[in-house]
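[1] here is a sequence together with a model predicted from it:
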There are 2 protein chains.
Amino acid sequence: MVKTYIFGHKSPDSDSITSSIVMANLEKELGNNDAKAYRLGNINKETEFILDYLGMDAPELLERVDDGDNVILVDHNSPAESVENLENANILKVVDHHKLALQTSYPLFLRFEPVGCTETILFKLYNEYDIEISKEIATLMLSAIVSDTLLLKSPTTTEDDKFAVEKLAEIASIDVGEYGLEMLKAGTDLSSFSIDEILSLDAKQIDFKNVKSIVNQVNTADIDDVMSIKDELEAGINKIIDNEGLDLFMLLITDIVNSNSQVIALGKDACLVEKAYGVKLVDNTVLLEGVVSRKKQVVPIMTENA
Amino acid sequence: MVKTYIFGHKSPDSDSITSSIVMANLEKELGNNDAKAYRLGNINKETEFILDYLGMDAPELLERVDDGDNVILVDHNSPAESVENLENANILKVVDHHKLALQTSYPLFLRFEPVGCTETILFKLYNEYDIEISKEIATLMLSAIVSDTLLLKSPTTTEDDKFAVEKLAEIASIDVGEYGLEMLKAGTDLSSFSIDEILSLDAKQIDFKNVKSIVNQVNTADIDDVMSIKDELEAGINKIIDNEGLDLFMLLITDIVNSNSQVIALGKDACLVEKAYGVKLVDNTVLLEGVVSRKKQVVPIMTENA
């Protein structure tokens, strides 16, 4: 049987990594024994915390796929965020909760729902196929949902996410509030990263109409702590803008305790942030009150105003 | 509550019409009381047979949707085959078994599977949501699966389609072989149609790479019968080629009893048919042995050779 490569997006977050593992397990349970989880980049600190908690290894790194390889995409569908040579691979399935950016020349299995996290959809699939959710799988699912929804507080959170976390917490015997905050805080530890690494940790290329942009998001329990290296961050951002020919780079520094984001916006179209949110950038930065979700509170409003 | 418009593709076939009705019923069962089935064009003879059998009216015709209207697409996802102004509508869900051609700026519910018929996916959804399938709904589902798979003989047929038909036949108390053949034959009655109508009955705009094409398919129990009006058909086809600026028009006359298709190919790239199938067109026509599926046996091979 031909191997099936399963992976989430580049600059993987906890949802991309855990969903790859959980999807590979589902495929095996369904009889696809050569399904294997991969990652398209380095594991972040939060994901490291989850895998350490479970004593699991990270999936193997995947650089590119060959023509005709079977792949399953989780937590993304945009070719720009996917593996090299995806256009010549055979996409069997996609399980995702993002907007639709993929096109194919053949029919395939798609399971998209507008929920907070890919793992919430996988939780449903396990139930539909009547596959038992082990303690380990439950912990992976729950961790990603808590991560993507910032402890079910982000506006991306749906009733389905809440229901899944409730059921998964029982299976995993986890106190969600306690475990979740510890996990989120682990993800805010930037001490071991270079400036370049911080700026690519959760960076997404998103074009707001014709405004070529990257929006990067880092979580923190203390905005001032991250802002203490603002000069270094700005120098790094300006380098990326030059190299990639960007019109805008937004660095969202998201306070996971108080649910706000400090944004650093650079590039010739930085004023778009001012227009979109009715704010004034001072020294390239401003606090966006209540903004924590790139998908719900940044992409639509920036696109609308571009 | 805002109305939700549910519809299949233009030039609707039995799957598009019945799936709209079956999906609207599912939405109502799930609490979306303002969901309503529509059609984007005239009902064909086969669909008329199904609705007559059940004593049901055809869905209302929908010309266009307004900005911000809620819509659910079934049996298609390509904007080219959909309603006017789709780009400004709010697509809530898509249930389909075709290749992926849609892009959105927001996340949505997608349920695609590479099965023979949209109704097979809807059959699964009813089961997943534990919604009872009435005799009427079962007949609609079964009819469309039999139609799309030509009595489960087309190469598009999957085990899931066969399983669904088996279960649905029990619920509907229908002899599938007998009912199915009668239904398919009803669809082959072209006597009441003008040439222009025949040529748009099941016409799909499909570009094979840069070859701008329309592929139309008509089912028959007797190829000679249809070929007796070949001159009139060719005149009509040439008019469409001129009006639409096409490179190729393929009319597949599919023998539902013997599972072959006579093709009439016109346009400057008609030779692509010869290259793709290793055949020679004589007087613009040739028999394609064993070819019954536009999706599996025409689109991929024509695209590959274009």
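    Ah, there it is. Numbering: from 1, shown residues only, chains lettered A, B, ... in the order given.

[2] every contact and neighbour count from this point should use C-alpha atoms.
    OK.

[3] of all of the stretch 151-300 of chain A, which residue lies closest to chain B?
    Going by CA to the nearest CA, chain B is nearest to A:P300 of the stretch 151-300 of chain A, at 7.9 Å.

[4] now do the contacts for that residue.
    Contacts of A:P300 were listed using CA atoms under 8 Å, 6 or more residues apart in numbering or on different chains, and they are B:S105.

[5] recalculate using a threshold of 10 Å.
    Residues counted as contacts of A:P300 (CA atoms under 10 Å, 6 or more residues apart in numbering or on different chains) are A:F208, A:A276, A:R294, A:A306, B:S105, B:Y106.

[6] which among these end up buried?
    A:F208, A:A276, A:A306, B:Y106 (16 or more other CA atoms under 10 Å in any protein chain shown).

[7] surely the second one is in a strand?
    No: with DSSP: H, G, I helix; E, B strand; the rest coil as the criterion, A:A276 is assigned helix and is not in a strand.

[8] what about the strands in the stretch 201-306 of chain A?
    A:203-208, A:211-220, A:248-255, A:260-266, A:285-288 (DSSP state E, counting those that start in this stretch).

[9] pull the second one out as CSV, backbone CA atoms only.
    Output of strand A:211-220 as CSV, limited to C-alpha atoms (Å, rounded to 0.1, in the frame of the first residue of the first chain):
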residue,chain,number,x,y,z
VAL,A,211,-2.1,44.3,0.2
LYS,A,212,0.5,41.6,0.4
SER,A,213,0.8,40.9,4.1
ILE,A,214,2.1,38.6,6.8
VAL,A,215,0.2,38.4,10.1
ASN,A,216,2.1,36.8,12.9
GLN,A,217,0.6,36.1,16.3
VAL,A,218,2.5,35.5,19.6
ASN,A,219,0.7,34.8,22.8
THR,A,220,1.9,36.2,26.1
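
[10] now check it, is it near chain B?
    No: using CA under 10 Å from any CA of the partner chain, strand A:211-220 stays clear of chain B, with a minimum separation of 15.0 Å.

[11] what angle separates that strand from strand A:203-208?
    140 degrees (axes from the mean of the first three to the mean of the last three CA atoms, to 10 degrees).

[12] any stretches of the stretch 101-250 of chain A with poor pLDDT?
    Within the stretch 101-250 of chain A, no stretch has pLDDT under 70.

[13] at 90 instead, please
    Applying pLDDT under 90 to the stretch 101-250 of chain A flags the ranges A:105-106, A:187-193, A:197, A:200-202, A:204, A:221-222.

[14] report the contact partners of the residue lying closest to A:V2 once chain neighbours are set aside.
    Excluding its sequence neighbours, the residue lying closest to A:V2 (CA to CA, 6 or more residues apart in numbering or on different chains) is A:D34, at 6.8 Å. Contacts of A:D34 were listed using CA under 10 Å, 6+ apart, and they are A:M1, A:V2, A:K3, A:T4, A:Y5, A:A24, A:E27, A:K28.

[15] which of these has the most neighbours?
    Highest neighbour count within those: A:A24, with 24 neighbours (other CA atoms under 10 Å in any protein chain shown).

[16] tell me what the helix or strand that residue falls within is packed against?
    Using DSSP states H and E, A:A24 sits in helix A:14-29. Helices and strands touching helix A:14-29, as assessed by 3 or more CA pairs under 10 Å, 6 or more residues apart in numbering or on different chains; DSSP states H and E, comprise strand A:4-7, strand A:35-39, helix A:45-54, strand A:70-74, strand A:90-96, helix A:118-128, helix A:135-148.

[17] coming back round to it: backbone dihedrals for the residue nearest to A:V2, both of them.
    phi -100, psi 20 (degrees, to the nearest 10).
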